[in-house]
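In: the sequence and its predicted three-dimensional model are supplied below.
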Amino acid sequence: MTANPCFDSYTAKNAYPISLKYSPEAGRYAVASRPIPTGDTVLKCLPFGVSLNHNCRRQACHTCGAYTLARSSLPLSCTTCKSVYYCSQSCKSKRSQYHQKYECPSFRDIHALSGPKFKRCFEDARKRLPESERYLADVYTYEDIQDNARWALGIMVRKQVEEDSLLHQSPTSFTHTFPTFADVLDLVGNESQIPSDERHQLHFIHEILSTLPSSSKKSTTPHHQQQQPHPHPTFSTFYKTHFLTPETFTSLLCIRQMNGFGLWDGANECLGHALYAFASYFNHSCAPNMVRDTGLRCADNMSNGHADENGSETITNSLANSSISDDCAPLTLEEITQVLLSEPSVSFRALHPITKDSGLHHSYIECTMSRKERLRILKEGYCFDCGCPRCVDVDRVDGEVDGVDSYVEKYVCGSCGAVRIPGEVCVRCGGVV
Ligand SMILES: [Zn+2]
Ligand SMILES: [Zn+2]
Ligand SMILES: [Zn+2]
Ligand SMILES: [Zn+2]
C-alpha cells in the first residue's frame, strides 16, 4: 500500500512539510519531512461537507462559519427555508445561487420535520422495523433526525457539486485545492466494530431520511411527487440518489465518527461538523505537537473581511431577508469555487519545534480530561488504545491530577481547554495566556 497520490501532489504543490508513511500496525500516518519550527503551518485544507446542528443554525454563518456569542441570531437569513443564516451581505450574496440550486428545497423539507406529516413518516418507518427492534427508534428526537439530515445534506450537496461541475476531472485546479468524494471514501471508518443495535438504529435513520415527506404544498403523497416534473428534487429523492442503501449511510457516518472535526465556537459549544479528508492522516496524541484551527471566527466584532462596509444599513433594509426567487441561473465554475473557498478550512501549526521524521499529531479529544476518561473515550469512540506518552509513561508526566500535568500547564489554554502555542492568543476562545 502506498501513500495517497492526491495528497502527495497537494502537499508538494503547497510546500507542506509532510511525508506519508505506512506500517501494518498504524496504517497510513504523517511525519515531518523536514525540521519544523514553532508556529510554522504544517497543513491547511478545505472541508468536504460542512453541517451546522439544527439548534445552532442561527448562531453560525452558513458560508464561512463565523459565529455570534453576543446575539441570539446572525442578522441575515434565507426566509424561504428558515434554516441558514449569514454573518454578512457578502456571505449571503456569495452563496445565494448555490444555496438556491443545491440546498434550499432540501432544507425546507428538513425544517418541516416536526410537523404532523413527519410524525406519520416516523411512525411508518418505526412500523417497518421488526417488533423486537422498535424500541431502537425511540432513542431519537426530531432534533437528532434534523441534525443527521443536515449532515447528510452537506455531503450530498458537495458530492453533487463535484459531479455537476466535473471538478473531479480537472486535476490541475481541483485535486490540488479541494478534497474529492473519493478522498473521503478512502478514509477509515472502522465499521466492523459498531454493535448490531447501533447498526439497526442507523438503518432506521436511513429509512426516515429516504421517506421524508416533502414540505411543498403542491405534492401530497410521495407517489404524486414522482409523477410531477419538479425543478428541485425533494430531500428524499436527493438523498436516495446519493445514499443508495442503509450501508452507504452507515459507512459514511462511521467515517465521520472516526475522522470528523467538531466546529467549536469560542464558548466551547460544538456548532456542527466538517470532514477534512487530508487532515485525517494525522494520528492522535493526548500530547499533540500541533495546534489545530478550524478557522471559525467570532462575527460579533468583525469590522472588515467578511462584514460589509454598510452592514448595519443592510440589516435594517427589508430586502436583506427577502426570500429567494424560483428562477435558477446556472452557476459558473468560478462561482462554485468562490463558495467552496469560503467554507471554514482547518489548519495545523507546529506547537513546538518538530524534528524531521517525527510523527505529526493532534488531539481528537479535549486534552484536559483525566487519563482514565481519555482512554475510555478513545476506545469507545475511535476504537484504539492510546499509546501516547501521557497515557503510557505515567511517571514521565510529573503525576497527573485530574487531567492536569506539565503538558497541560504548558500548552493548554486555561480558559477553554484548547491546545495553544505558549505566548500566543488562543485560536478557539481568543484568550491571551
Ligand atoms: Zn460569513
Ligand atoms: Zn433557503
Ligand atoms: Zn493518550
Ligand atoms: Zn482558549
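Out: Thanks, I have the structure now. Ligands and ions are numbered 1, 2, ... in the order given.

In: ok, residue 285 - contacts?
Out: For residue 285, the contact set (Cβ atoms under 8 Å, 6 or more residues apart in numbering) comprises 359, 361, 362, 363, 386, 388, 389, 390. (C-beta placed from N, C-alpha, C; glycine too.)

In: which one of those residues is nearest to residue 234?
Out: Within these, proximity to residue 234 (Cβ to Cβ) peaks at residue 362, which comes in at 39.1 Å.

In: these two touch, right, the closest one and residue 348?
Out: Yes - under the criterion of Cβ atoms under 8 Å, residue 362 makes contact with residue 348 at 6.3 Å.

In: neighbour count winner among these two?
Out: Legend: neighbour count by other Cβ atoms under 10 Å for residue 362 and residue 348, higher for residue 348 (26 against 20).

In: where does the more buried one land in three-state SS?
Out: Put simply, residue 348 is strand when judged by DSSP: H, G, I helix; E, B strand; the rest coil.

In: same thing with residue 156?
Out: Per three-state DSSP, residue 156 ends up helix.

In: can you tell me how far it is from residue 53?
Out: 17 Å (Cβ to Cβ, to the nearest Å).

In: shared neighbours, residue 362 and residue 348?
Out: By Cβ under 8 Å, 6+ apart, the residues touching both residue 362 and residue 348 are 282, 290, 291, 292.

In: you'd agree residue 419 is up against residue 289?
Out: No - between residue 419 and residue 289 there is no contact under Cβ under 8 Å: 9.5 Å.

In: now do the shared contacts for these two.
Out: Residues touching both residue 419 and residue 289 (Cβ under 8 Å, 6+ apart): residue 351.

In: which stretches in the stretch 201-350 of the chain count as helices?
Out: In the stretch 201-350 of the chain, the segments counted as helices under DSSP state H, counting those that start in this stretch are 222-227, 235-242, 246-259, 311-316, 333-342.

In: tell me which of those lies nearest to residue 382.
Out: With Cβ to Cβ as the criterion, residue 382 lies closest to helix 246-259 of these, at 6.2 Å.

In: who are the packing partners of the closest one?
Out: helix 142-165, helix 181-185, helix 196-210, strand 270-275, helix 371-382 (3 or more Cβ pairs under 8 Å, 6 or more residues apart in numbering; DSSP states H and E).

In: avg pLDDT for the fourth one?
Out: Looking at strand 270-275 alone, the average pLDDT works out to 94.

In: okay, residue 57 and residue 147: tell me how far apart.
Out: Remark: distance between residue 57 and residue 147 (Cβ to Cβ) = 10 Å.

In: residue 97 too?
Out: Distance check for residue 97 against residue 147: by Cβ to Cβ, it reads 26 Å.

In: neighbour count for those two, which is higher?
Out: residue 147 (21 against 18).

In: what number of residues lie near whichever residue of the stretch 101-250 of the chain sits closest to ligand 3?
Out: Nearest residue of the stretch 101-250 of the chain to ligand 3 (Cβ to the ion) works out as residue 190 at 17.8 Å. For residue 190, the number of neighbouring residues by other Cβ under 10 Å comes to 13.

In: on that earlier part again, what's the closest of the helices and strands packed on helix 246-259 to ligand 1?
Out: When those are ranked by proximity to ligand 1 (Cβ to the ion), strand 270-275 comes first, at 12.9 Å.

In: that closest one vs ligand 1: in contact?
Out: No - using Cβ under 5 Å from the ion, strand 270-275 stays clear of ligand 1, with a minimum separation of 12.9 Å.

In: strand partners (parallel or antiparallel) of that strand?
Out: Sheet pairing of strand 270-275 (DSSP bridges) gives strand 50-52 (antiparallel), strand 260-264 (antiparallel).

In: check which residues of the longest one are buried.
Out: Read it as strand 260-264. Neighbour counts over strand 260-264 (16 or more other Cβ atoms under 10 Å) mark 260, 261, 263, 264 as buried.

In: which residues does it contact?
Out: 50, 52, 60, 65, 270-276, 279, 292, 294, 296, 344, 346, 418, 428.

In: and if you look at the shortest one?
Out: Contact partners of strand 50-52, identified using Cβ under 8 Å, 6+ apart, comprise 60, 62, 65, 147, 150-151, 153-154, 263, 271-274, 343-344.

In: for the next helix or strand after it, what is the average pLDDT?
Out: Per DSSP states H and E, the first helix or strand lying C-terminal to strand 50-52 is strand 76-77. When pLDDT is averaged over strand 76-77, the result is 96.

In: now check strand 76-77, is it near ligand 1?
Out: No - if you take Cβ under 5 Å from the ion as the test, strand 76-77 misses ligand 1, and the best it gets is 9.2 Å.

In: that strand pairs with which strands, and in what direction?
Out: Strand 76-77 pairs in its sheet with strand 85-86 (antiparallel), by DSSP bridges.

In: can you point out the buried residues in the following helix or strand past the strand it pairs with?
Out: Tracing the chain past strand 85-86, the next element assigned as helix or strand by DSSP H and E is helix 89-98. Under the neighbour-count criterion of 16+ other Cβ under 10 Å, helix 89-98 has 89, 90, 91, 92, 94, 95, 96, 97, 98 buried.

In: and what of stretch 77-84?
Out: Buried, per 16+ other Cβ under 10 Å, within stretch 77-84: 77, 78, 80, 81, 83, 84.

In: please apply the same query to stretch 19-31.
Out: Here stretch 19-31 shows 19, 20, 28, 29, 30, 31 as buried, counting by 16+ other Cβ under 10 Å.

In: please name the residues that touch the residue nearest to residue 290 when sequence neighbours are not counted.
Out: Excluding the flanking residues, the one nearest residue 290 by Cβ to Cβ, 6 or more residues apart in numbering is residue 348, at 4.4 Å. For residue 348, the contact set (Cβ under 8 Å, 6+ apart) comprises 41, 42, 43, 44, 279, 282, 290, 291, 292, 293, 360, 362.

In: now swap in residue 186 and tell me
Out: Residue 186 sits next to 4, 277 when contact means Cβ under 8 Å, 6+ apart.

In: try 10 Å this time
Out: Residue 186 makes contacts with 4, 6, 7, 28, 179, 180, 255, 277, 280, as judged by Cβ atoms under 10 Å, 6 or more residues apart in numbering.

In: what of residue 7?
Out: Neighbour list for residue 7: 16, 18, 20, 28, 30, 43, 45, 175, 179, 183, 186, 277-278, 280-281 [criterion: Cβ under 10 Å, 6+ apart].

In: in the stretch 101-250 of the chain, what residue lies closest to ligand 4?
Out: Closest point on the stretch 101-250 of the chain to ligand 4, by Cβ to the ion, is residue 147, at 25.5 Å.

In: for that residue, give its distance to residue 254.
Out: 16 Å.

In: repeat for residue 28
Out: 17 Å.
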